[in-house]
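In: heads up, no residue letters with this:
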């Protein structure tokens, strides 16, 4: 196929700093960029716009919205008609996949655990769609449609699996995986009628299998080499009770035969935001820590997607404090269960997880030996005024509105560095060229913490002048970063 034009979304330093909504342009290859034609743009910088043409289909899809709601229209490729509106909500989000004459929907519209539906090109509107797989007790993460089956990926107690339905949505069976693990992703190849399924676990690099779309036969496809023997490492799923009585899942990874003597070195991490959850994945960089006797803990905090959109809603906006309560409760549980004690616990998190680190540092400084706070949001009263942060207003709230201001002020880490209260030792790391989270957050937080006479434990600022929000680094930079942070962790936990 010869493509003569592409859809682009220019993103310049000027647009970001002035918080101008980013538009979508059609650019003809070979022509000056200034000739690109603007087709679509949102009204507010907190919203997105996108135009795309699904592979092998004759439709052009237009979409606007924020992180959690959207409006979708489409028209035939080559048409100059106004795109036909087929879905719009300010509260819910529906994603769709075109397949021949059918449109398949994955939606949380009045259904926090999601459902799968189908409409047609003749009657494409969401309201006319037939529900194939209704919302259930488990959370639907995604689906693929093969020549013979509708494969639904759902999540039960933070572990994903595959449920087989016929093309009309009738349940057939839960598919037995080729080995124990978590279904990390599915991707359908229509030409071959196979689904590439990635299966992950803590003690093995991700394995990719092919699943025949007609026979459901599994075949091993690919796996990265495992760099060390991890047969002595095990992972368990545990639950603690948060402040309000909610059951919180956490994965605990450690060497087999660990003793509950209250003295194990612990690295605890979480995220708890933007509908992003914690699931089993290869321990990777943490392997050396585990082999030295460390415990690695990943907590499924509210604000993520561990139990669907309701779990996300319970950790955002006015309920954001739940995220921090969950992390604190998980740490307390580790201490109560005699896994460790505060002088042997380091917490680590970045971005939204950096906000989490700032919150637990200011709210429960007694629970941690040290905290690594990477590319963080820490001034929640002015966060929305810098870089692309208006995108996150649907998650945190708008500080310019009185009803949100009060909530944000209660937990904003920068505003809760209190006189007379010493924070735990902290390493705050920022990227000087971070276009997502302005490095001013980390800099001003460290400045105010260091200014307190009672702060005798070091609060250190690490500025990476060769990086942004953490992505796009060379292998050499990644190695240097990992060595730097692990030296810090090992030294604070008195590990060899």
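Out: That came through, no problem. A quick note: this is a predicted structure, and the numbers were derived from the prediction, not measured.
In: from now on I want contacts and neighbour counts done on CA atoms only, so please keep to that.
Out: Noted.
In: would you map the strands across the stretch 251-400 of the chain?
Out: Ranges of strands within the stretch 251-400 of the chain are 266-270, 295-299, 345-350, 370-374, based on DSSP state E, counting those that start in this stretch.
In: will you turn those into TSV that also has mean pLDDT?
Out: Putting the strands of the stretch 251-400 of the chain into TSV (pLDDT from 0 to 100) gives the following:
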stretch	mean pLDDT
strand 266-270	98
strand 295-299	98
strand 345-350	98
strand 370-374	98
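In: possible to save those strands as a markdown table with mean neighbour count and distance to residue 482?
Out: Below are those laid out as a markdown table (neighbours: other Cα atoms under 10 Å; distance: least, Cα to Cα, whole Å):
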| stretch | mean neighbour count | distance to residue 482 |
| --- | --- | --- |
| strand 266-270 | 26 | 14 |
| strand 295-299 | 23 | 16 |
| strand 345-350 | 24 | 13 |
| strand 370-374 | 26 | 12 |
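In: which of those sits closest to residue 236?
Out: strand 295-299 (9.8 Å; Cα to Cα).
In: follow-up on the earlier one: let's have the strands of the stretch 251-400 of the chain in TSV, adding distance to residue 453.
Out: Shown next, in TSV, are the strands of the stretch 251-400 of the chain (distance: least, Cα to Cα, whole Å):
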stretch	distance to residue 453
strand 266-270	29
strand 295-299	33
strand 345-350	24
strand 370-374	19
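In: ok, which of these comes nearest residue 233?
Out: Residue 233 sits nearest to strand 295-299 of all these, at 10.0 Å, using Cα to Cα.
In: and the contacts of stretch 219-228?
Out: When contacts are defined by Cα atoms under 8 Å, 6 or more residues apart in numbering, stretch 219-228 is touched by residues 204-211.
In: including secondary structure and neighbour count, could these go into TSV?
Out: Below are the contacts of stretch 219-228 laid out as TSV (DSSP: H, G, I helix; E, B strand; the rest coil; neighbours: other Cα atoms under 10 Å):
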residue	secondary structure	neighbour count
204	coil	22
205	coil	18
206	coil	22
207	strand	19
208	strand	22
209	strand	22
210	strand	22
211	strand	23
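In: so which of those residues is the closest to residue 494?
Out: Closest approach to residue 494 among the contacts of stretch 219-228 (Cα to Cα): residue 204, at 27.7 Å.
In: ok, now how distant is that closest one from residue 366?
Out: Using Cα to Cα, to the nearest Å, residue 204 is found at 35 Å from residue 366.
In: ok, and the closest non-adjacent residue to residue 231?
Out: Spatial nearest neighbour of residue 231, chain neighbours left out: residue 203 (7.6 Å); criterion: Cα to Cα, 6 or more residues apart in numbering.
In: end-to-end on stretch 23-34?
Out: OK, stretch 23-34 end separation, Cα to Cα: 14 Å.
In: that stretch - what's its average pLDDT?
Out: For stretch 23-34, mean pLDDT is 95.
In: with stretch 233-253 instead?
Out: Mean predicted confidence for stretch 233-253 is 98.
In: which one of the strands of the stretch 251-400 of the chain lies nearest to residue 135?
Out: Between the strands of the stretch 251-400 of the chain, strand 295-299 lies closest to residue 135; by Cα to Cα that is 25.6 Å.
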